[in-house]
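In: pasting the sequence and the predicted coordinates here, then a few questions.
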Amino acid sequence: MIKSVFAATAALSMSAGAALAGPYVNVETNAGWTGSDYSGAATDVHLGYEGPIGERGSYYVQGGIVILSPDGEDMDVAPSGKAGLGFALTETLGAYGEVSFAGSGDSDVDKGYGAKVGLKYNF
């Protein structure tokens, strides 16, 4: 289930810089299916902070808990967090990256880590 937390995270949106800086609350649920077989959901409940980097970039960092709800199994609550950067390369092309982690309340379950990078082209 931890792997699907990272596979389902939304892409960091790009802009020419953050219009607003400051604290925020982010509650996000990612659910997974293989075909019609529901595997479960992971809900992040995070406090975060975002801001600009110069004229063309932005960053964010957030942390809190993830509520893991695997289909047919007991729910688990664990620490989790994300941090990301985004930069406008041109007026229509941006680059972004994110690192993330999710723990587990079960000492027998490995912690999960993720990373993503990408480009976003606006028409």
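Out: Everything's here; your move.
In: mind telling me what element the closest residue to Asp71 other than its chain neighbours is part of?
Out: If the residues on either side of it in the chain are set aside, Asp71 comes closest to Gly40, at 4.7 Å by Cβ to Cβ, 6 or more residues apart in numbering. Every C-beta, even on glycine, is put in place using the N, C-alpha and C of the backbone. Using DSSP states H and E, Gly40 falls within strand 37-53.
In: and that strand, what does it pack onto?
Out: Contact here means 3 or more Cβ pairs under 8 Å, 6 or more residues apart in numbering; DSSP states H and E; on that basis strand 37-53 packs against helix 2-7, strand 22-34, strand 57-70, strand 76-88.
In: in that strand, what counts as buried?
Out: By neighbour count with 16 or more other Cβ atoms under 10 Å, strand 37-53 contains the buried residues Gly40, Ala41, Ala42, Thr43, Asp44, His46, Gly48, Glu50, Pro52.
In: so where is the chain shaky, pLDDT-wise?
Out: Applying pLDDT under 70 to the chain flags residues 1-19, 105-107, 109.
In: at 90 what do you get?
Out: Applying pLDDT under 90 to the chain picks out residues 1-21, 103-111.
In: so who does Ala21 touch?
Out: Contact analysis of Ala21 by Cβ atoms under 8 Å, 6 or more residues apart in numbering lists Glu50, Gly51, Pro52.
In: before we move on, what about Ser69?
Out: Residues near Ser69 by Cβ under 8 Å, 6+ apart: Gly40, Ala41, Ala42, Thr43, Met75.
In: swap the cut-off to 6 Å and go again
Out: Ser69 is in contact with Gly40, Ala41, Met75, counting by Cβ atoms under 6 Å, 6 or more residues apart in numbering.
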